[in-house]
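>>> What follows is a predicted protein model with its sequence.
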Amino acid sequence: MIEQNEVSNLSKQLNEYQIMSIYVDSTSDLWLGTYNNGLVNCDLADAKLDVTQYESNDYNLKSLSNNLIHDIFKDATGTVALTSDIPSDTDGLTEGSSNLYYTDARADARIALADLQDLANVGFSTPGANENQKVVSWDNSAGTFVLSSVSGLSGSGETNTASNVGTAGVGVFKQKAGEDLEFKKINAGSAKITVTDDTSNNEVDIDFGTVSIDDLSDVDTTSSAPSSGQALKWSGSTWEPGDASSQVAQLTDVTLTSLASGEFLQYNGSAWVNVVPDTDDITEGTGQLFFTNARVDTEIDSYLSGGTGVSVSSGAISIGQAVATTSDVTFNDLTVSGDLTVSGTTTNINTTDLNIEDKFILLNSGSATGNSGIIAQNSATNGLGTALFFDDTANIWSLDYAGANANTDVVAADARIAAADIQDLNNTSISASLGSGDDQKVISWDNTAGAFVLSSLSGLSGENTGLSPERNARPAPNQARHRP
C-alpha cells in the first residue's frame, strides 16, 4: 500500500498547498495533485471532508516516487493514474540488461536449480541414508542450519501455533487443534463485494461486486438521472447529478477569462487562470534547451573545420573565390582522373607547351560532313592565319596560306598547292615529265644528292620485292585506309 498520512481537513490543502491537478473519480473521491506535497485524497461522501495525503518516502518502496503530481486521470483499466517528472513505479521504466525485473518464471527457474544445502547459511552437504527423517534446525554455536534427529516425529504434534497481530481489523486465525492450524473463512457480506479463490496464483482475490455510486447513502441519482458530462453536486443533504461546467470558476483561487477550446488551467502565483500553453510559459531547463540561431550556429561550427585553402566562419564555407555554376573559377594545378567534358563556345589553353599523349586527334567529331583542320595564326587579327585542312568537297587535304578564319570556320585551298605536283617540291629531284620508263619506280632519299629521287627497288638496300599496280595503287580519296 502507498504510504499515507492522515491530514485534518480539505481546507488546509486548498489554502496551504499549490494544487497542480484536480480529479473526481466514480466513487466520489476527490484527488488533488500538488506541487511537491504529494497526492491528497478526500472522500466527498464523508461530511467531515477528512483527507488522506500520500507522499514520497525513500524508505518505503511502495510510496510515491515523486511529490510533484502534474496530472491525475483514469487509464484504460479504470485505475486512477498519476503523471510526474519521473515514473511513479517500475511499470514506467524499461527493463535494462543487468538489473532485471522479478517474474515468477525467473524465480521458479532459479529456485529449481538450487538444493537446500546450496544455501549460504546451511552447514550440511547432500544428505544420505544416515540422515533419514532428520530435520533442519538452527545451530546458534555453529551459526548455520544443521540436520538434527527429533524423537517422536510421527503424530506428536508441533509446539508451533499462530496468532492474529495488529490492533484493528478481524483476525483470520481461529485456533490450533493438534497439528492443524484452523483459520476462519473470508466471506463476502453482500453482493457489493466478491471473494474469489484464485487457485492458479495461490491468491484470495477480493474485489467490488455489482456496485454503483447510488449505493452510497448520501448519493441520489434516482430522483434525477445523470446525463453525459454532469458531476455530483452537494444539494445540502445529498449528492445529486448536475451541470458542473462552472464549478471550477466557483473556487476562490480560480479566475477564468473568455474560455476557449484547448485551454488549460495554469497557476500564475496568486490564482489559477485559463491559458493556451506554449514554450513561453515554460522555464528552460538545463538538459532540453530552447532553439536559438546562435546555439545552432555554434553546434554546426563544432562539426566543421577548414582544410588547405578552405575556411569556415559562422557556418559558411569558402575557398577564396566563387564556385557557382556560372562563376569563372581559377585553380593552379588541376588533375582530372576521369573524362573531362567541356561545354561552351570557346576553350582557351594558355600554356607554353601543349603535350597530348593520344596519337590521333579527332576533328569534326559528331559530324559526317564539313571541312576540318588546323589553323596557325599569322595575323594581327585573332583567329586568322594559315590552315592545313581536309577539303570535304574535293575529298583531299589542302593548304590555305592566308585568309583561314577560325572564328567563322572559313578556309579555301590555295591555288598554288592545288595545282602542284610532287616534283615541284623543293627537296625533290624528279623530272617534270614521267614516262613508261619510270613505271614501278619509287621515291627514295638520295643522301649524296640531298634530295628525293626516283629509284628501282632492285637498286635499293633491303628486301627486293616486285611491285604490281594492284598492290601499290594509290587508294581513291574516299577509299578506307588501313594501318598495319
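Received the coordinates, thanks. Being a predicted model, the structure only gives us computed values, none of them experimental. Numbers count the residues shown, from 1 in each chain.

>>> What is the least confident helix or strand in the chain?
Of all the helices and strands that make up the chain, helix 469-472 has the lowest average by mean pLDDT, DSSP states H and E, namely a mean of 43.

>>> May I have stretch 430-449 as PDB, with CA atoms only?
Extracted in PDB, the C-alpha atoms of stretch 430-449 (Å, rounded to 0.1, in the frame of the first residue of the first chain):
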ATOM      1  CA  ILE A 430      62.500  14.200-110.200                       C
ATOM      2  CA  SER A 431      61.900  15.000-113.800                       C
ATOM      3  CA  ALA A 432      58.800  17.000-114.500                       C
ATOM      4  CA  SER A 433      57.900  14.500-117.400                       C
ATOM      5  CA  LEU A 434      57.400  11.000-116.200                       C
ATOM      6  CA  GLY A 435      57.100   8.200-118.700                       C
ATOM      7  CA  SER A 436      56.900   4.400-119.100                       C
ATOM      8  CA  GLY A 437      60.500   4.100-118.200                       C
ATOM      9  CA  ASP A 438      59.600   5.300-114.700                       C
ATOM     10  CA  ASP A 439      56.900   2.600-114.200                       C
ATOM     11  CA  GLN A 440      57.000   0.900-110.800                       C
ATOM     12  CA  LYS A 441      59.900   3.200-109.600                       C
ATOM     13  CA  VAL A 442      59.600   4.500-106.100                       C
ATOM     14  CA  ILE A 443      60.700   7.800-104.400                       C
ATOM     15  CA  SER A 444      63.700   7.300-102.100                       C
ATOM     16  CA  TRP A 445      66.100   9.600-100.300                       C
ATOM     17  CA  ASP A 446      69.500  10.000-102.000                       C
ATOM     18  CA  ASN A 447      71.800  11.400 -99.300                       C
ATOM     19  CA  THR A 448      74.500  12.200-101.900                       C
ATOM     20  CA  ALA A 449      72.200  14.300-103.900                       C
END
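
>>> can you pull the buried residues of it?
Of all the residues in stretch 430-449, those buried under the rule 16 or more other Cβ atoms under 10 Å are 430, 441. C-beta: built from backbone N, CA, C; applies to glycine.

>>> contacting residues around it?
421-424, 428-429, 451-457, 460, 467, 472 (Cβ atoms under 8 Å, 6 or more residues apart in numbering).

>>> so what's the residue lying closest to residue 44 once chain neighbours are set aside up against?
Excluding its sequence neighbours, the residue lying closest to residue 44 (Cβ to Cβ, 6 or more residues apart in numbering) is residue 28, at 4.5 Å. Residues in contact with residue 28 (Cβ under 8 Å, 6+ apart) are 43, 44, 45, 213, 216, 219, 232, 239.

>>> Quick one: the helices in the stretch 201-350 of the chain, in order.
Under the criterion DSSP state H, counting those that start in this stretch, helices of the stretch 201-350 of the chain are mapped to 293-303.

>>> What of the stretch 1-150 of the chain?
For the stretch 1-150 of the chain, the helices defined by DSSP H, counting those that start in this stretch occupy 10-16, 104-112.

>>> Name the surrounding residues that touch the last one.
The list of residues contacting helix 104-112 from outside it, by Cβ under 8 Å, 6+ apart, reads residue 100.

>>> Quick check: mean pLDDT of it?
Helix 104-112 shows an average pLDDT of 85 in the prediction.

>>> how far is stretch 407-423 from where the chain is centred?
Centre-to-centre, stretch 407-423 and its host chain are 73 Å apart (Cα atoms, centre = their mean, to the nearest Å).

>>> Show me what that stretch is in contact with.
For stretch 407-423, contacts defined as Cβ under 8 Å, 6+ apart pick out 370-371, 373, 375, 382-383, 387, 389, 391, 394, 398-405, 428, 430-432, 434, 443.

>>> Just the buried ones out of these, please.
Buried members of those, counted by 16+ other Cβ under 10 Å: 371, 373, 375, 387, 389, 391, 398, 399, 400, 404, 405, 430.

>>> re the thing from before, tell me the most buried of the helices of the stretch 1-150 of the chain?
helix 10-16 (a mean of 14; mean count of other Cβ atoms under 10 Å).

>>> sorry, back to before: select from the contacts of residue 28 the one having the most neighbours.
Counting neighbours by other Cβ atoms under 10 Å, residue 232 leads the contacts of residue 28 with 23 neighbours.

>>> For that residue, list the residues it contacts.
Going by Cβ under 8 Å, 6+ apart, residue 232 touches 24, 28, 44, 213, 219, 239, 240, 241, 242.

>>> is it true that the fourth one touches residue 226?
No - taking contacts as Cβ atoms under 8 Å, residue 213 lies outside contact range of residue 226: 9.2 Å.

>>> just to revisit the earlier point, tell me which entries of the contacts of stretch 407-423 lie within strands.
373, 375, 387, 389, 391, 398-405, 443 (DSSP state E).

>>> Can you tell me which of these is nearest residue 321?
Closest approach to residue 321 among these (Cβ to Cβ): residue 375, at 33.2 Å.

>>> Quick check: the closest one vs residue 395, distance?
Applying Cβ to Cβ, to the nearest Å, the value for residue 375 to residue 395 is 20 Å.

>>> What of residue 382?
Distance from residue 382 to residue 395, by Cβ to Cβ: 31 Å.

>>> Over to residue 441?
Here residue 441 is placed at a distance of 27 Å from residue 395 (Cβ to Cβ).

>>> likewise residue 269?
101 Å.

>>> what do you get for residue 302?
Using Cβ to Cβ, which is the criterion applied here, residue 302 is 70 Å from residue 395.

>>> Show me the contacts of stretch 430-449 that map onto strands.
Among these, the residues falling in strands (DSSP E) are 451, 452, 453, 454, 455.

>>> Only whichever of the residues you listed are buried, select them in PyMOL.
Those of those that count as buried under 16+ other Cβ under 10 Å are selected in PyMOL with:
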select buried, resi 452+453+454
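
>>> from the ones in strands among the contacts of stretch 430-449, which single one is nearest residue 134?
Ranked by distance to residue 134 (Cβ to Cβ), the ones in strands among the contacts of stretch 430-449 are led by residue 452 at 130.6 Å.

>>> So what pairs up with that closest one in the strands?
For residue 452, the beta-bridge partners are residue 428, residue 445 (DSSP bridges).

>>> Was I right to think it contacts residue 426?
No - between residue 452 and residue 426 there is no contact under Cβ under 8 Å: 10.2 Å.

>>> hmm, back to that, so for residue 269 and residue 395, which sits in the more crowded spot?
For residue 269 versus residue 395, neighbours defined as other Cβ under 10 Å are more numerous around residue 395 (10 against 5).

>>> Tell me which residue lies nearest the centroid of this structure.
By Cα atoms, centre = their mean, the chain has its centre lying nearest to residue 288, at 17.5 Å.

>>> Tell me how far it lies from residue 279.
According to Cβ to Cβ, residue 288 stands 10 Å off from residue 279.

>>> Any regions of this protein where pLDDT drops low?
Counting by pLDDT under 70, the chain has low-confidence residues at 1-13, 75-81, 83-93, 150-159, 178-179, 244-247, 250, 315, 415-419, 459-484.

>>> Domains in it, by residue range?
1-93, 173-208, 335-420, 421-484 (automatic domain parsing).
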